[in-house]
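Student: make a model of this:
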Amino acid sequence: PDIYPQTALLDPELTLSLPADLTLSACLDTLCQALESLWSRNANPVATSFGLRSASIAFEIIPRLMADLENLELRTRMLEASLLGGLAIASTKTTLAHSISYPITLRFGVLHGLACAFSIVQVVRFNAGTDEGSLLGSVRALGFDSIESLAICLEELLTSTGALHWLATLIPSKTDLLALAPQAITPGRADNN
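Tutor: Next comes the predicted model:
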């Protein structure tokens, strides 16, 4: 409680110097945080509200921002999404996509948000198999008619922004990646899924 901030100062002008790679990684981390808060075992109405708003903004803004990095209005909206996503996971904590990301970042130096995005589509599909209706309700609140349509939209976003291609250049081989599997299930994250 002593280190939890009472005030956050968000200045989008400070993000204007962020290059495309760092911008994309931060945007993807925001989107992953927002989505993970929706299926977290600790999901709650307040966090879900923050997560839905964050994800909604992120889906709209990420493609536009990546095409117009100097746009202060888009950076302002993305900063809002980041704040909301952070507020969401402050109570829910992150889940499986973040758990999987940690060894990818440590072993291959993949930027955090990009590493989180590495598995987000498959985590969505995995969670669809165990959903008892709450995830589908959130997915519909985001404007998707099914969990699979959310997964497809995420794939399209990762493709159109170049994230999937970028990831492919950073991970040496499938064998190297699979060797990290035992480290990908971290307590407090994977079991929060």
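
Student: same for the lengthiest helix in the chain, what does it pack against?
Tutor: The longest helix of the chain (DSSP state H) is helix 45-67. Packing partners of helix 45-67 (3 or more CB pairs under 8 Å, 6 or more residues apart in numbering; DSSP states H and E): helix 20-39, helix 72-92, helix 134-141, helix 147-160. The C-beta positions use only the backbone N, C-alpha and C, and glycine is treated the same way.

Student: that one versus helix 147-160: what angle between them?
Tutor: Relative orientation of helix 45-67 versus helix 147-160 (axes from the mean of the first three to the mean of the last three CA atoms, to 10 degrees): 30 degrees.

Student: looking at the helices and strands packed on helix 45-67, which is buried most?
Tutor: helix 20-39 (a mean of 25; mean count of other CB atoms under 10 Å).

Student: ok and it relative to helix 72-92, angle-wise?
Tutor: 40 degrees.

Student: just checking, what packs against helix 20-39?
Tutor: helix 45-67, helix 72-92, helix 96-108, helix 112-128, helix 134-141, helix 163-170.

Student: just the buried positions in the longest helix of the chain, please.
Tutor: Neighbour-count burial for helix 45-67, counted by 16 or more other CB atoms under 10 Å, picks out 47-48, 50-59, 61-62, 65-66.

Student: how about residues contacting it?
Tutor: Residues from elsewhere that reach helix 45-67 (CB atoms under 8 Å, 6 or more residues apart in numbering): 20, 23-24, 27-28, 30-31, 33-35, 37-38, 40, 71, 74-75, 77-78, 80-82, 84-85, 87-92, 138, 141-143, 153, 157, 160-161.
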